[in-house]
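K.L.:
Sequence plus predicted model, see below.
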Amino acid sequence: MATIEDLPQSSNRLNLVQSRYRPEIDGLRAFAVIAVIINHFNKDLLPSGYLGVDIFFVISGYVITSSLSGRGSKGFGEFLSGFYQRRIKRLVPALVVFVLLTSVLICLFNSDPAKALKTGIASLFGLSNLYLFRQSTDYFAQSSELNPFTHTWSLGVEEQFYLLFPFLIWFSGFGKQTAKGTRNLVLLVGVLTVASLISFNYLYYVNQPAAYFLMLPRFWEMAAGCLLFVGFHKRAKIEQGIERVPPLLVVLAMIGVMFLPVAAAVPATISIVVLSAVLIGCLKKGTAAYKFFTLEKVVYVGLISYSLYLWHWTVLAISRWTIGISWWSTLPFLALIYACAIASYEWIEKPFRNRKCVSPFKVISIGITSLIATSGPVAALSNPIISQKIVLDRGDIGTFQRGRQSQINYIGPVTRRKNVDCQTAAYSVSRLSIRSSIRNCFWEEEGANKKLPVVVILGDSHAHQLFPIAEEIAKQKGMSVFNYAYHGCLVPQDPAFVAESKCKDVNKIPMWVFEELRRPVIFIIASIADPVLHFPSEAEQMAKARAFKIAFKDVLNQGNYLIVVAPNPKFLGFDNTVSDICGRGALTRLNPLCSKEHARDHKFIANSQKNQRKVYLEALGRWAAEDSRVKIVNPFEILCGESGGYCYATSNGRLKYWDFSHLNVDAVLSTYPLYDSAIKKLIKFRPG
């Protein structure tokens, strides 16, 4: 987010600023940040408005290259320190205040803010994108909207770009203004751009969090701005060609792209980057678009766009924890966001940015110190003892339970294992990762009978939710247990997946676990795989049942056992933020989401989903009848055992689900007798 202050210092700085500063680019920033805010308020209004962030990336590449192109430096040290001095003055003061205040605010409403606060700490050091990637965060998921620091991933991408880019500028010779510096920079950045674009296109389909959050797959977007500047100012024909494009037509095309669905993210992203670069090039005086983008109020929104971007998400996240977003709250929230941005810009950004400093190293030292100092109190807030004391509502949340958060942060009462340590993304699974996870996720009671099999729960997030089952097995039976969830794939691997899919190793995982444990194993396999959602036809259901038999043939032949967990009943359309936010206090009663959930009687005719699964479960049942090493656990009867032919989302006044298919902890534990019975049938269990 480079600005006028990034321009070179010289005795004739004012004239240089006047010649370099382009107010229409601040107008373009305003366009970008408004698109992002609209999308974050309501995705239905502008489905791909999040692409405003990509416009910022292009602008950053262009302006940073512009600022470095005419800046004379005696040596690399002076060049580098001057660059980072300007970055720190530009970004750090507002970021520090934002992180401190937001951390306190989220603790008032979220009784378990550890993940959010860790994201905030990471954002101070430009690492929140890496933290969110490691958490396998889905940026488009509703749960991401509850973390007030999720949006700082883009700052992490830019700051990591700033670590790399000055080196490219200097060592290419462009920063030293050598004869071949421009050519070297174009060749170097051009090669990296092609590689980055290829990686983005590939990763988006096999590892979406990596494509979305990491800097290298995003490098090409900022590089587009760099190449535009170099080409624009070194090749007159390029400038003349781009200037012929009508800017208003480009703006309309960009708006059109923002109405594309999220499913078109790759072509939409490429389109918005290309169009942004073209618009920067063709936005010239005398055009209608130029007149609009240089309106005083539009330019001012662009000037405060950094603070707008920082604060808008916090306001929206806090609103989701409290009164929610509705037609009557939209205008007050917009006013609050604008007021926070103005205050941040006028009282924090401008004073620090305009302050004269003699030594760049002093600025850098103060900046780093302030970041470290800020991280201390934020880390202290993440301590449950402190966060539980300042939360406004610590009472019973009634019908609602702390669903997704309580499962992620679940600590086994018997084994003291942490559920969060026993999960990963499917594409990250390897023999090495399993070996590493055994240190955290395998438990064996001292003096345990090692002749008994180890109970191993594997699968996606539906296996992740069964962590309390493993704890109950350890408690009731004293058996050794191991949990390992790998998100993002049906288990076993769907026959339709191709070999290069991120799920290609899913079927190998049980054998890897067995070989690492070197003990007989009772595998409990659970995943979202469900005829209702994934394979509705009879032929597909039969194929999925055969896939189970094929995947576990070798594992069973090694002396192991298998419990297949049938799909949970699915409450389609059930909102996955309800369990985490509703019922916490008086403010949530105003939340339309919570009111809707209180009012709606979530139920469906039980036989409808039974019939949809019939072929699949009968095929699994025949397999279990033929093979004594295999048992089927079907939680349907316990979860949908109410009278009247309906399946209800609540039981005894409490929600069984935290989203359309995942169970709250109490509901999970209600199914334990099924697992107890299956284990007893698989082995002749005698306590002691």
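P.N.:
Yep, that arrived.

K.L.:
hey, where'd the strands end up in this protein?
P.N.:
With DSSP state E as the criterion, the chain has strands at 423-425, 442-443, 454-459, 481-487, 521-526, 561-565, 603-605, 630-633, 646-648, 650-651, 654-655.

K.L.:
Throw those into CSV and include mean neighbour count, mean pLDDT and distance to F229, thanks.
P.N.:
Just so you know, the C-beta spots here come from the backbone N, C-alpha and C atoms, and that holds for glycine as well. Listed next are the strands of the chain as CSV, based on neighbours: other CB atoms under 10 Å; pLDDT from 0 to 100; distance: least, CB to CB, whole Å:
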stretch, mean neighbour count, mean pLDDT, distance to F229
strand 423-425, 21, 80, 37
strand 442-443, 20, 94, 55
strand 454-459, 25, 95, 50
strand 481-487, 26, 91, 41
strand 521-526, 24, 96, 53
strand 561-565, 24, 96, 57
strand 603-605, 15, 78, 58
strand 630-633, 20, 96, 62
strand 646-648, 19, 84, 60
strand 650-651, 16, 77, 59
strand 654-655, 21, 73, 55
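
K.L.:
of the ones you listed, which approaches V665 most closely?
P.N.:
strand 654-655 (10.8 Å; CB to CB).

K.L.:
who does that closest one pair up with?
P.N.:
Here strand 654-655 is paired, per DSSP bridges, with strand 650-651 (antiparallel).

K.L.:
and A539, how many neighbours does it have?
P.N.:
9 (other CB atoms under 10 Å).

K.L.:
An error on my part: the question was meant for V96.
P.N.:
When neighbours are counted by other CB under 10 Å, V96 registers 18.

K.L.:
Quick check: it touching L124?
P.N.:
Yes - with contact defined as CB atoms under 8 Å, V96 counts as touching L124 (7.2 Å).

K.L.:
Common neighbours of those two, please.
P.N.:
Common contacts of V96 and L124 (CB atoms under 8 Å, 6 or more residues apart in numbering): L371, T374.

K.L.:
Dump the strands of the chain to a markdown table, plus distance to D54.
P.N.:
Converted to a markdown table, those look like this (distance: least, CB to CB, whole Å):
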| stretch | distance to D54 |
| --- | --- |
| strand 423-425 | 24 |
| strand 442-443 | 43 |
| strand 454-459 | 35 |
| strand 481-487 | 26 |
| strand 521-526 | 38 |
| strand 561-565 | 41 |
| strand 603-605 | 41 |
| strand 630-633 | 46 |
| strand 646-648 | 43 |
| strand 650-651 | 42 |
| strand 654-655 | 38 |
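
K.L.:
Out of the ones you listed, which gets nearest to F213?
P.N.:
Across the strands of the chain, closest to F213 is strand 423-425 (CB to CB), at 12.0 Å.

K.L.:
For the closest one, which helices and strands make contact with it?
P.N.:
Judged by 3 or more CB pairs under 8 Å, 6 or more residues apart in numbering; DSSP states H and E, the packing partners of strand 423-425 are strand 481-487.

K.L.:
Please state the offset of the strand it packs on from the chain centre?
P.N.:
With CA atoms, centre = their mean, to the nearest Å as the basis, strand 481-487 stands 21 Å off its chain's centre.

K.L.:
hmm, who's touching that strand?
P.N.:
If you take CB under 8 Å, 6+ apart as the criterion, strand 481-487 is touched by 136, 415, 417, 419, 422-426, 428-429, 434, 437-438, 441-443, 454-461, 463-464, 466-467, 470-471, 473-474, 506, 509, 513, 517.

K.L.:
for this protein, longest helix please?
P.N.:
Ranked by residue count, the top helix of the chain under DSSP state H comes out as helix 76-109.

K.L.:
Would you map out the domains in the protein?
P.N.:
4-385, 404-682 (automatic domain parsing).

K.L.:
Quick one: these as a markdown table, columns for distance to L392 too.
P.N.:
What follows is the domains of the chain, written out as a markdown table (distance: least, CB to CB, whole Å):
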| stretch | distance to L392 |
| --- | --- |
| domain 4-385 | 5 |
| domain 404-682 | 6 |
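
K.L.:
re earlier: quick check: buried residues in the longest helix of the chain?
P.N.:
By neighbour count on 16 or more other CB atoms under 10 Å, the buried set for helix 76-109 is 79-100, 102-103, 105-109.

K.L.:
cool, stretch 543-555 as well?
P.N.:
Residues of stretch 543-555 classed as buried: A543, K544, A545, A547, F548, K549, A551, F552, V555 (neighbour count, 16+ other CB under 10 Å).

K.L.:
Stretch 249-259 too?
P.N.:
Neighbour-count burial for stretch 249-259, counted by 16+ other CB under 10 Å, picks out V250, V251, A253, M254, V257, M258.

K.L.:
is it possible to export those residues to JSON lines including distance to R29 and pLDDT?
P.N.:
Shown next, in JSON lines, are those (distance: CB to CB, whole Å; pLDDT from 0 to 100):
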{"residue": "V250", "distance to R29": "16", "pLDDT": "96"}
{"residue": "V251", "distance to R29": "14", "pLDDT": "97"}
{"residue": "A253", "distance to R29": "19", "pLDDT": "97"}
{"residue": "M254", "distance to R29": "14", "pLDDT": "98"}
{"residue": "V257", "distance to R29": "18", "pLDDT": "97"}
{"residue": "M258", "distance to R29": "16", "pLDDT": "97"}
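
K.L.:
As CSV, those residues with distance to S326 would be great.
P.N.:
Formatted as CSV, the buried residues of stretch 249-259 follow (distance: CB to CB, whole Å):
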residue, distance to S326
V250, 35
V251, 31
A253, 33
M254, 29
V257, 28
M258, 23
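
K.L.:
Closest one of the residues you listed to S48?
P.N.:
M258 (4.7 Å).

K.L.:
quick one: that closest one and V53 touch, right?
P.N.:
No - with contact defined as CB under 8 Å, M258 does not count as touching V53 (11.7 Å).

K.L.:
about what we covered before: the domains of the chain: lowest mean pLDDT?
P.N.:
The weakest mean pLDDT among the domains of the chain belongs to domain 404-682, with a mean of 85.

K.L.:
how far does it sit from the chain's center?
P.N.:
For domain 404-682, the distance to the chain centre is 23 Å (CA atoms, centre = their mean).

K.L.:
Number the residues from 39 up from this point.
P.N.:
Taking 39 as the first residue, the last one we looked at is domain 442-720.

K.L.:
who does the longest helix of the chain touch, helix- and strand-wise?
P.N.:
On a contact count with 3+ CB pairs under 8 Å, 6+ apart, helix 114-147 meets helix 152-162, helix 191-209, helix 343-359, helix 368-382, helix 388-392, helix 398-419, helix 422-428.

K.L.:
quick check, distance from that helix to the centre of its chain.
P.N.:
That offset, for helix 114-147, works out to 22 Å (CA atoms, centre = their mean).

K.L.:
what do you get for stretch 228-240?
P.N.:
A distance of 22 Å separates the C-alpha centroid of stretch 228-240 from that of its chain, computed with CA atoms, centre = their mean.
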